[in-house]
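Novice: pasting the structure only:
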């Protein structure tokens, strides 16, 4: 269940993100542009069609990200081979992507993987920065991002609580306390039984910041469940065509239809969560009157006649004396103040108590 502490929301642009707000849905396009600006713009358009709050890409340079022989953790071969193939867009391409997102009225975000990328995104006026799970321990990068003065969305895949505390401390020490923590399992794709959503509850208990989910499962079950747990952000890998193959993320991404379903269902979940206090709601007013029961005469009773427990029944509607008073009838020696027909709902003025 959502954490009920008084946690301040983070603002991404003009959108409040945190407890009490609908989940902020990020369509994680990543490198699913396959190194082509036209595909990047198409991803922006598809994200708009899906209803997502933001579309997010990634900014990295293969040369500064991995060694030439660093093995993949999602398949065969080296990481360098994959990243070098996708690391082909130029600065003007990213400027065009951001401009296109603004034209389509969707928030443009990105994950920087080096300091040059942070500088570029700063120039593009992104309203928040995302830090990938793999860089949670990259404190120099965290400090650089935090110093830019925008919210920091920090994925926590693979991390211990101690490592998360250290990372949060680095961000705070840079003067930034606009932080959202994302529970994440760094496995592509993640099996549902490995999603471990209860880690969100741990993060909510340990940190005074909004908590969300960076999801790598297939389908809608996990993000919708996370929304019910109070996720402030739902980030989901996104593509307009899951059959594309150049980026390794296409195969585990939600397409436009699935992302639209996630957006709609998480909004419904938010609406369904309501308030935490137990008590009747406005929509239950008719039910309170008509589905509850009252004390009802089981026979005709004359004015002044003694009313006994056996003379009464308990029936709907609930507009008269409460059923719990049945236990007091004989002890208090009730008498009718008027002639009462059978099957009459008793009101307070219909009886007088002798004791």
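Specialist: On my side now, so go ahead. Small disclaimer: the values here were computed from a predicted structure and weren't measured.

Novice: pLDDT below threshold where in the stretch 251-355 of the chain?
Specialist: Within the stretch 251-355 of the chain, the segments meeting pLDDT under 70 span 355.

Novice: one more time with 90, if that's ok
Specialist: Within the stretch 251-355 of the chain, the ranges that satisfy pLDDT under 90 run 251-252, 274-277, 281, 330-332, 354-355.

Novice: all helices for the stretch 1-150 of the chain, in order.
Specialist: For the stretch 1-150 of the chain, applying DSSP state H, counting those that start in this stretch gives helices covering 37-50, 62-65, 79-86, 91-103, 115-123, 139-146.

Novice: among those helices, which is nearest residue 6?
Specialist: helix 139-146 (23.4 Å; C-beta to C-beta). The C-beta positions use only the backbone N, C-alpha and C, and glycine is treated the same way.

Novice: Pairing partners for whichever helix or strand comes after that closest one, with directions?
Specialist: The helix or strand immediately downstream of helix 139-146 is strand 152-155, counting by DSSP states H and E. Here strand 152-155 is paired, per DSSP bridges, with strand 129-131 (parallel), strand 179-184 (parallel).

Novice: okay if I get those strands as TSV plus mean pLDDT and mean neighbour count?
Specialist: As requested, the strands paired with strand 152-155 are exported to TSV (pLDDT from 0 to 100; neighbours: other C-beta atoms under 10 Å):
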stretch	mean pLDDT	mean neighbour count
strand 129-131	98	26
strand 179-184	98	25
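
Novice: how about JSON lines for the ones you listed, with distance to residue 151 added?
Specialist: Formatted as JSON lines, these follow (distance: least, C-beta to C-beta, whole Å):
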{"stretch": "strand 129-131", "distance to residue 151": "7"}
{"stretch": "strand 179-184", "distance to residue 151": "7"}
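
Novice: ok, residue 164 touching residue 181?
Specialist: Yes. In this structure, residue 164 is within contact of residue 181 by C-beta atoms under 8 Å, at 7.0 Å.

Novice: Common neighbours of those two, please.
Specialist: Counting by C-beta atoms under 8 Å, 6 or more residues apart in numbering, the contacts common to residue 164 and residue 181 are 154, 156, 203, 207.

Novice: Please confirm that the third one is located within a helix.
Specialist: Yes. Secondary structure of residue 203 (DSSP: H, G, I helix; E, B strand; the rest coil): part of a helix.

Novice: residues contacting it?
Specialist: Going by C-beta under 8 Å, 6+ apart, the list of residues near residue 203 reads 156, 164, 181, 183, 211.

Novice: re earlier: so which of the helices of the stretch 1-150 of the chain is nearest residue 348?
Specialist: helix 37-50 (57.8 Å).

Novice: other SSEs contacting the closest one?
Specialist: Where contact means 3 or more C-beta pairs under 8 Å, 6 or more residues apart in numbering; DSSP states H and E, helix 37-50 is packed against strand 24-30, strand 54-59, helix 91-103, helix 256-273.

Novice: repeat that for 6 Å
Specialist: On a contact count with 3 or more C-beta pairs under 6 Å, 6 or more residues apart in numbering; DSSP states H and E, helix 37-50 meets helix 91-103, helix 256-273.

Novice: Cheers, nothing more for now.
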